[in-house]
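Peer 1: Need coordinates for the below:
(one chain, ligands or ions: 12)
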Amino acid sequence: MSKFLFWTASAAALARAATLEQVCTVAHAKAAVPASGLVQGVVTNPSSVTAVPVYNESTSGSDYFPAGTYDYCNITMTYSHAGKDDSVLLQFWMPTPDDFQNRWVSTGGFGFAINVASNVPAGLPYGAVAGRTDGGFGSFDTQFSSVYPLVNGTANYDALYMFGYQAHHEMSSIGKAFTKNFYSMSDKLYAYYQGCSEGGREGWSQVQRFPEEWDGAVIGAPAIRYGQQQVNHLVPQVVEQTLDYYPENCEFSEMVTLIIDACDELDGRKDGVIGRTDLCQLNFDLKSTIGKPYACNATTSMGVTTPAQNGTITAEGVRVAQTILDGLKDSQGRQAYFWYRIGSEFTDAETIYDSTTGTYGIDISELGGEWVTHGLQLLDLDNLSTLDNVTYDTLRDWMLEGLQRYEDVLQTTWPDLSRFQAAGGKVIHYHGESDNSIPPASSVRYFESVRDTMFPNKTYNASVEALNEFYRLYLVPGASHCNTNSLQPNGPYPQNSLGDLMNWVEKGIEPVTLNGTVLSGDLEGEEQKICSWPLRPLWKNNGTEMECVYDQKSIDTWLYDLDAYDIPIY
Ligand SMILES: *[C@@H]1O[C@H](CO)[C@@H](O)[C@H](O)[C@H]1NC(C)=O
Ligand SMILES: *[C@@H]1O[C@H](CO)[C@@H](O)[C@H](O)[C@H]1NC(C)=O
Ligand SMILES: *[C@@H]1O[C@H](CO)[C@@H](O)[C@H](O)[C@H]1NC(C)=O
Ligand SMILES: *[C@@H]1O[C@H](CO)[C@@H](O)[C@H](O)[C@H]1NC(C)=O
Ligand SMILES: *[C@@H]1O[C@H](CO)[C@@H](O)[C@H](O)[C@H]1NC(C)=O
Ligand SMILES: *[C@@H]1O[C@H](CO)[C@@H](O)[C@H](O)[C@H]1NC(C)=O
Ligand SMILES: *[C@@H]1O[C@H](CO)[C@@H](O)[C@H](O)[C@H]1NC(C)=O
Ligand SMILES: *[C@@H]1O[C@H](CO)[C@@H](O)[C@H](O)[C@H]1NC(C)=O
Ligand SMILES: *[C@@H]1O[C@H](CO)[C@@H](O)[C@H](O)[C@H]1NC(C)=O
Ligand SMILES: *[C@@H]1O[C@H](CO)[C@@H](O)[C@H](O)[C@H]1NC(C)=O
Ligand SMILES: *[C@@H]1O[C@H](CO)[C@@H](O)[C@H](O)[C@H]1NC(C)=O
Ligand SMILES: [Ca+2]
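Peer 2: Residues are numbered from 1 along each chain as shown. Ligands and ions are numbered 1, 2, ... in the order given. Have a look, this model is predicted:
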């Protein structure tokens, strides 16, 4: 008790002193480490703490936050779990006491990485402490995929559950308590999450499981419905194999160029951006590209030289592309999953050139192949060596197997957010409409599942309105996977979405549309509004004014009946 009183008195004195040198010391940071047991089983370790002031650090900015120059305190520490000989590494970037604005932000990962270094500066522009974890995998650079499975045949359940949701829960719990002590706060600390792709999935894992712990989350293109999502990367290669046609990559890249040219203006504005992939899907016939010429120069990438390519788009090429775009169907024609939108890059369909035979063949997607070897076969192999004998039905079965095996840890589609709503939380969820790695229809499906689960008795519009009180989804015109798109550079990106979320949570400013900034192209710097699903953008007055419109036919292109499964797929 007396120790506690002494601590608050001295911390308050330090906080008043308010310079970075004074608070950014090992002694001050050690004293701010929360006690063990804050999360059941967590054993904190004050003696592991490092604290180093960093001055005038320029962060180049990213798609998720603007550039800036900051001073901050770089904190690291480890903790372990009772009864286990493990160690989890955390890092927190603490703004100067002057810049601190009572905010915490957990940052997310990408691919099989639980966290990514480049996301950590996200807190500084907003006066927020930002944190990341290594998941206990060994270092910030060690990915989940290198610790799962443990060895051939043996799952690493600790790593699996840490990756699935537990590490982020522990990191934010420790980080928030540490932050309050560090700045000797007595007022409210706002808790935010920001992440995209795997980082988006991690965000949903927190909102779904620990709803009372967050004031808000910005979730981009989440890798949810994990069982389906990872196997989906293998679909184009199985289509090529099944239809026995291996396009030169130039044939597909020319198709994408022609699609963008043809569909650009369907949204009412000629800017090189397909703002309405739905109108493109409804009005553009891919067969119209047959016979159009293509030519690409030779390239060398990672030691592999691909020769110059030229020719004309073939009927076989269009058939392969259309089969991919239609989404995975099993041998009985039942829909097993859906693909990216028309106009996105055919990255997963890229073939590889064999210089000895002078022919093109399938290039197994590592994200898909590695998931099958690690996640389903429990083999310590980085990739599948072949897709021989793999059919559409195999892919469907792999999707179902992943769903069943990892439903409670990686699937991340729990559709009831009632507790989160009751706790007052808010979610901004966005997805690039030309994403080439996670289908934006996946985000639409999850939004619709939550809507249906929470408001089954309301009309469609009334249920959207009820959901929008705390959860909104935005499809970002032209944007690629968690990134701007070099093929549609004039599209907006919600770079300041964390700020929009804070305005919603702290000031009650509803993001009826999401702010977007054009980050490249001739329109660089232009501010645009991004429509909230199910409304779709439509430019008026020769592309000078944008409206968000309701268009049932367009909405329907985003919805799929996944009739290949006998269970609900949220
Ligand atoms: C940081 O930059 C400012 C402005 O350039 C300068 O005045 C200050 O001395 C720098 N601080 C340190 C610690 O380098
Ligand atoms: C933060 O501190 C850790 C531990 O000392 C160190 O490894 C890391 O490089 C530091 N990061 C920065 C950006 O200073
Ligand atoms: C794990 O299994 C794969 C496939 O059977 C094999 O190639 C590899 O050598 C095995 N690894 C070890 C360490 O036994
Ligand atoms: C292809 O190479 C030629 C000759 O080097 C060059 O002029 C042309 O710009 C290149 N085309 C593309 C699309 O890079
Ligand atoms: C087309 O490609 C072939 C090789 O496939 C090459 O011999 C020829 O020069 C190319 N033509 C043009 C116009 O690039
Ligand atoms: C995965 O393995 C296949 C078959 O060996 C190969 O074609 C492909 O390039 C590999 N992918 C990566 C990303 O290594
Ligand atoms: C594919 O199936 C054929 C015929 O059943 C079999 O001979 C071959 O070994 C299989 N290939 C692989 C890689 O399993
Ligand atoms: C929806 O209506 C049914 C039948 O009237 C009722 O049993 C159910 O409780 C209602 N559900 C909600 C969430 O209001
Ligand atoms: C739903 O709302 C949209 C406007 O957001 C409106 O255009 C549409 O007619 C409404 N549908 C119904 C059935 O009321
Ligand atoms: C979003 O845009 C509106 C209007 O342009 C502006 O008032 C608001 O500050 C912006 N939000 C953020 C977080 O920048
Ligand atoms: C419509 O906008 C385009 C592009 O900004 C411009 O070139 C064109 O002159 C405009 N047309 C009219 C009728 O204003
Ligand atoms: Ca356009």
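Peer 1: List the buried residues in stretch 312-322.
Peer 2: If you call a residue buried by 16 or more other C-beta atoms under 10 Å, then stretch 312-322 has these buried ones: 313, 314, 317, 318, 319, 320, 321. In this view, the C-beta of every residue, glycine as well, is placed from N, C-alpha and C.
Peer 1: Actually, stretch 503-518.
Peer 2: Buried residues in stretch 503-518 (16+ other C-beta under 10 Å): 504, 505, 511, 513, 514, 515, 516, 517, 518.
Peer 1: Looks like the fifth one contacts residue 473 (just checking).
Peer 2: The one in question is residue 514. No. The pair residue 514 / residue 473 is not scored as a contact, 9.7 Å apart, by C-beta atoms under 8 Å.
Peer 1: export the buried residues of stretch 312-322 to CSV and tack on pLDDT and secondary structure?
Peer 2: Converted to CSV, the buried residues of stretch 312-322 look like this (pLDDT from 0 to 100; DSSP: H, G, I helix; E, B strand; the rest coil):
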residue, pLDDT, secondary structure
313, 98, coil
314, 98, coil
317, 98, helix
318, 98, helix
319, 98, helix
320, 98, helix
321, 98, helix
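Peer 1: Which of the helices and strands in the protein ranks last by mean pLDDT?
Peer 2: helix 2-17 (a mean of 45; mean pLDDT, DSSP states H and E).
Peer 1: Quick check: what element follows that helix along the chain?
Peer 2: For helix 2-17, the following helix or strand on the C-terminal side (DSSP states H and E) is helix 20-23.
Peer 1: tell me what that next one is packed against?
Peer 2: Contact here means 3 or more C-beta pairs under 8 Å, 6 or more residues apart in numbering; DSSP states H and E; on that basis helix 20-23 packs against helix 2-17, strand 50-59, strand 68-81.
Peer 1: Need the mean per-residue confidence for it.
Peer 2: For helix 20-23, mean pLDDT is 95.
Peer 1: so how far is that helix from its chain's centroid?
Peer 2: In this view, helix 20-23 has its centroid 35 Å away from the chain centroid, taken as C-alpha atoms, centre = their mean, to the nearest Å.
Peer 1: And for stretch 208-217?
Peer 2: 17 Å.
Peer 1: Same question for stretch 484-504.
Peer 2: Computed by C-alpha atoms, centre = their mean, the separation of stretch 484-504 from the middle of its chain amounts to 14 Å.
Peer 1: near ligand 10, anything from the helix or strand where residue 504 lies?
Peer 2: Element membership for residue 504 (DSSP H and E) is helix 497-507. Yes. For helix 497-507, a contact with ligand 10 is found by C-beta under 6 Å from any ligand atom, at 499, 500, 503.
Peer 1: Now for the last one: which residues touch it?
Peer 2: Neighbour list for residue 503: 509, 511 [criterion: C-beta atoms under 8 Å, 6 or more residues apart in numbering].
Peer 1: Could you check how far the residue in the stretch 1-150 of the chain positioned nearest to ligand 12 is from ligand 7?
Peer 2: Closest residue of the stretch 1-150 of the chain to ligand 12, C-beta to the ion: residue 63 (20.2 Å). According to C-beta to the nearest ligand atom, to the nearest Å, residue 63 and ligand 7 sit 41 Å apart.
Peer 1: pLDDT value on that residue, please?
Peer 2: 89.
Peer 1: Am I right that residue 538 is in contact with residue 267?
Peer 2: Yes. Using C-beta under 8 Å, residue 538 is in contact with residue 267, at 6.4 Å.
Peer 1: So which of those two has more stuff around it?
Peer 2: Neighbour count, other C-beta atoms under 10 Å: between residue 538 and residue 267, residue 267 has more, with 24 against 20.
Peer 1: got the contact list for the residue of the stretch 1-150 of the chain closest to ligand 12?
Peer 2: 196, 482, 483, 484, 493, 495, 519.
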